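Participant: Predicted coordinates and the sequence they were generated for:
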Amino acid sequence: MSDTITNRFADGDAPSEDPVDDARPAPGDEKMWTARLRGAGVRALPPSKLLPDRQPSYVASWVYIFGILSFASFIVILLSGVVLIVRGPSWWHESQVGLFFNSIHLWSVELFFFFMVLHLWGKFFMAAWRGKRALTWMTGAVTFAISIGAAFTGYLSQQNFDSQWISTQAKDGLNSVGIGALFNVLNFGQMLLWHVLLLPVFVGALIGIHLLLVRRRGVVRPLPVRTGRHARTARARTPAAPPSSEGVDR
Amino acid sequence: MSEAPPQSPRTRTLAEASLGSDDSAWDGPKIRYDLVKEFVVALVVIALASVALAAIFSSPDDHPVTIRQWSQGNPGDFLATSVTELDGSSPTATYGPPYNSWTSGEGQKIGPVGLQRWAGVHIPVNSQNDFVLAPLHLAAASDPSLRAALAQYSTASADQQKQWTTAYIKGVGHVKFHDTAVVLPRGRYGPVAPMLSGLLNMARTGSLDADLLASPQFYGTDYTKPLLFIADGSFLAAEASAQHLQGDQWGMMNETGNYPGQAWLWLYTMWYQVSPFSTSWSANADALVWALMMLLTLALILVPFIPGLRSIPRLVPIYRLIWRDHYRRLAADAGSSSAPPGSG
């Protein structure tokens, strides 16, 4: 912590209206970790990028809502899961209200995967990893994989016939590759903790990173249609246009 | 959500902006897009849909199978399973890591690699002691005849024990039950018959469920032992078959009742249904399917870097459908701008 009190506008400078300017360290603060982190954060994601109210004109398709529907499903999963956590793992077996919240939890998971798969296929056919967006794709794919684990541990934590059958069947696959030695699907306590804590934290963190990357890089451009008359015409009218994107993160 | 706003003077035409590189900022026409409103609407829609689906379809919750149920519903199977636990020939007794060491075989392999063996024994289970002898010793404290049978068994030679259990395995196939009494054909079962009848009595009262779950620190959440014991019998599998949950019925992705289950496991489950995993590779099917799925998951994550795979979207014209409005506007703009001046 600094032991001197500084006034960033001591020289009479008015506060800037540009948040990127505003995030710059005051004179003498350039080496402060906090100031540097703030500056780097705001430069990478200024408010206009973090929450833009404009999008390129090509962002006009149903395919763009599958991502936000997946995210909304995740929020409903979390909220219904929190209700189930508050009353404990046995509640939903003994109470109609508990069963109802368990049902909301189950169906929001089904919706989550339904929309996530549509989102994934949509982004695949858009080649959405172009333009330095490979990390965005990768975080999405890892989120999908870990979500499968999160749902799987949920099935194992139900304390009913499904849990018994799925765990006794799944153990053989996990044991055959050595994972079962550390990840014991027959251990209810272990699976419940993975389901209500570790995996939701992983999925939530990955979704957060994924969303920030989407905002940082923006929505990928449409794939170029090289055979149309409009492309040739446009190229002829814009001699100074940047080169095509063919080689970038294709 | 997408009403065209006034464009900035720096905005280029759609055709000009479309020629920009993929990693450059879009400087063409933009539309108003209310992300927050879109999220709130999506959240309300999903919440309402989840509540509606929950109200209409509820969720499955079939009661778990207990050892008590098993011993009451199919006592013959319980006894037949218990004797294999006692003589060390049950699936659990011969499983290998992570539960115990193999008496024979090396477990599943991926080519020459045996990950199961390398991982070692981390969850020790001795089926003879954990499932049979230890619970019987607890009951023997108040049952002198059981105590005598256990003493006779434990002081006998391994060969003698084997002769008794082998005879019992043959005899239990013809077992009958008169009320609670176990009636076996004549045979040299030694103390094994009273021991396993005692175990059956424990199971019928439910005390074996509690004993197998018992934890030295009072609280327990680890069901490894009772689940392994139940899974060694055929009672659980019969229930699963009736619900179409067996491995050859795409079981892993299904759940009880008419619910969608884990539909996202379709690819993993599919490999078990097809050759060679279901035929010549079946001995190592679990390890090979897992290896294949890990490879495919890695490929999914690394799609942007895999030549050929990353080019598929350019070859499959689905993107033209997704961005059809954009391409239509692009064509219209190009058409109007290339028309002779004054042509309207």
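Facilitator: Arrived safely.
Participant: which residues of the stretch 1-150 of chain B fall in strands?
Facilitator: B:30-32 (DSSP state E, counting those that start in this stretch).
Participant: swap in the stretch 151-300 of chain B?
Facilitator: Counting by DSSP E, counting those that start in this stretch, one finds strands in the stretch 151-300 of chain B at the ranges B:176-178, B:181-183.
Participant: Same list, those, but as a markdown table with distance to B:V316, mean pLDDT and mean neighbour count please.
Facilitator: Heads up, the C-betas are built off the backbone N, CA and C, glycines and all. Shown next, in a markdown table, are the strands of the stretch 151-300 of chain B (distance: least, CB to CB, whole Å; pLDDT from 0 to 100; neighbours: other CB atoms under 10 Å in any protein chain shown):
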| stretch | distance to B:V316 | mean pLDDT | mean neighbour count |
| --- | --- | --- | --- |
| strand B:176-178 | 64 | 92 | 10 |
| strand B:181-183 | 66 | 92 | 12 |
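Participant: Tabulate the ones you listed (JSON lines), appending distance to B:V41.
Facilitator: Shown next, in JSON lines, are the strands of the stretch 151-300 of chain B (distance: least, CB to CB, whole Å):
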{"stretch": "strand B:176-178", "distance to B:V41": "63"}
{"stretch": "strand B:181-183", "distance to B:V41": "66"}
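Participant: what sits against the closest residue to B:S154 other than its chain neighbours?
Facilitator: In space, and not counting its chain neighbours, B:S154 is closest to B:L133: 7.9 Å by CB to CB, 6 or more residues apart in numbering or on different chains. Counting by CB atoms under 8 Å, 6 or more residues apart in numbering or on different chains, B:L133 makes contact with B:86, B:150, B:154.
Participant: Mind doing that once more with 10 Å?
Facilitator: With CB atoms under 10 Å, 6 or more residues apart in numbering or on different chains as the criterion, the residues that contact B:L133 are B:85-86, B:126-127, B:140, B:150, B:153-154, B:195, B:199.
Participant: Narrow the residues you listed to those in helices?
Facilitator: Judged by DSSP state H, the contacts of B:L133 include B:85-86, B:127, B:140, B:150, B:153-154, B:195, B:199 as members of helices.
Participant: Derive a PyMOL selection command for the buried subset of these.
Facilitator: Of these, the buried ones go into a single PyMOL selection, burial set by 16 or more other CB atoms under 10 Å in any protein chain shown:
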select buried, chain B and resi 85+86+127+140+150+153+195+199
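Participant: Can you pick out the most distant pair from the ones in helices among the contacts of B:L133?
Facilitator: Farthest pair in these (CB to CB) is B:S127 and B:A140. Separation: 18.9 Å.
Participant: Assign the closest residue to A:M32 other than its chain neighbours to helix, strand or coil.
Facilitator: Excluding the flanking residues, the one nearest A:M32 by CB to CB, 6+ apart is A:P25, at 6.3 Å. Using DSSP: H, G, I helix; E, B strand; the rest coil, the structure places A:P25 in coil.
Participant: Let's see the pLDDT reported for A:P25.
Facilitator: At A:P25, the model reports a pLDDT of 84.
Participant: That one touches A:R36, doesn't it?
Facilitator: Yes - counting by CB atoms under 10 Å, A:R36 is a contact partner of A:P25 at 6.9 Å.
Participant: What are the neighbouring residues in contact with the residue of the stretch 151-300 of chain B found nearest chain A?
Facilitator: In the stretch 151-300 of chain B, the residue that lies nearest chain A is B:T221 (2.8 Å; CB to the nearest CB). By CB under 10 Å, 6+ apart, the contact list for B:T221 reads A:89, A:187-193, B:213, B:215.
Participant: Report the two of those residues separated the most.
Facilitator: The most widely separated members of the contacts of B:T221, counting by CB to CB, are A:L193 and B:L213 (18.0 Å).
Participant: correct me, but B:L115 touches B:Q108?
Facilitator: Yes - with contact defined as CB under 10 Å, B:L115 counts as touching B:Q108 (8.2 Å).
Participant: Comparing the two, which residue is more hemmed in?
Facilitator: B:Q108 (23 against 20; other CB atoms under 10 Å in any protein chain shown).
Participant: For the closest residue to B:Q116 other than its chain neighbours, give me phi and psi.
Facilitator: Of all residues not flanking B:Q116 in the chain, B:G107 sits nearest, at 4.1 Å (CB to CB, 6+ apart). Note on B:G107: backbone dihedrals following degrees, to the nearest 10 are phi 80, psi -170.
Participant: B:G107: how many residues sit nearby?
Facilitator: Other residues near B:G107 number 21, with proximity taken as other CB under 10 Å.
Participant: Residue 201: what's it in contact with?
Facilitator: I went with chain A, as the question did not name one. A:A150.
Participant: The intended chain is chain B.
Facilitator: Going by CB under 10 Å, 6+ apart, B:N201 touches B:71, B:139, B:143, B:146, B:180, B:182, B:207-208.
Participant: Can you read off the pLDDT for it?
Facilitator: On the pLDDT scale, B:N201 gets 95.
Participant: quick revisit: from chain B, how far off is the residue nearest to A:M32?
Facilitator: Noted for A:P25: a distance of 26 Å to chain B, by CB to the nearest CB, to the nearest Å.
Participant: Could you dump the strands of the stretch 151-300 of chain B into TSV with distance to chain A added?
Facilitator: Formatted as TSV, those follow (distance: least, CB to the nearest CB, whole Å):
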stretch	distance to chain A
strand B:176-178	25
strand B:181-183	26
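Participant: For B:A332, which of those strands is the nearest?
Facilitator: The closest of these to B:A332 is strand B:176-178. By CB to CB, the value is 84.1 Å.
Participant: what helices or strands is the closest one leaning on?
Facilitator: Judged by 3 or more CB pairs under 10 Å, 6 or more residues apart in numbering or on different chains; DSSP states H and E, strand B:176-178 is in contact with helix B:75-87, strand B:181-183.
Participant: Quickly, which of those bottoms out on average pLDDT?
Facilitator: That would be strand B:181-183, which, of all the helices and strands packed on strand B:176-178, carries the lowest mean pLDDT at a mean of 92.
Participant: Domain parsing of the chain, as residue ranges.
Facilitator: In the absence of a named chain, chain A is used. Domain segmentation of chain A under automatic domain parsing yields A:58-126, A:130-217.
Participant: was after chain B, sorry
Facilitator: Using automatic domain parsing, chain B is parsed into the domains B:1-58, B:67-237, B:243-301.
Participant: Tell me, how many residues neighbour B:P144?
Facilitator: By the measure other CB under 10 Å, the count of residues near B:P144 is 9.
Participant: That one and B:Y153, how far apart?
Facilitator: For B:P144, the distance to B:Y153 (CB to CB, to the nearest Å) stands at 15 Å.
Participant: which stretches of chain B have low pLDDT?
Facilitator: Applying pLDDT under 70 to chain B flags the ranges B:1-10, B:103-104, B:251-252, B:337-344.
Participant: Which helix runs longest in it?
Facilitator: Using DSSP H to define each element, chain B has its longest helix at helix B:35-57.
Participant: and what of chain A?
Facilitator: Identified as the longest helix of chain A according to DSSP H is helix A:96-125.
Participant: ok, then the element right after that one?
Facilitator: As assigned by DSSP states H and E, the chain's next helix or strand after helix A:96-125 is helix A:134-156.
Participant: does stretch A:185-193 come close to chain B?
Facilitator: Yes - counting by CB under 10 Å from any CB of the partner chain, chain B has neighbours in stretch A:185-193: A:185-193.
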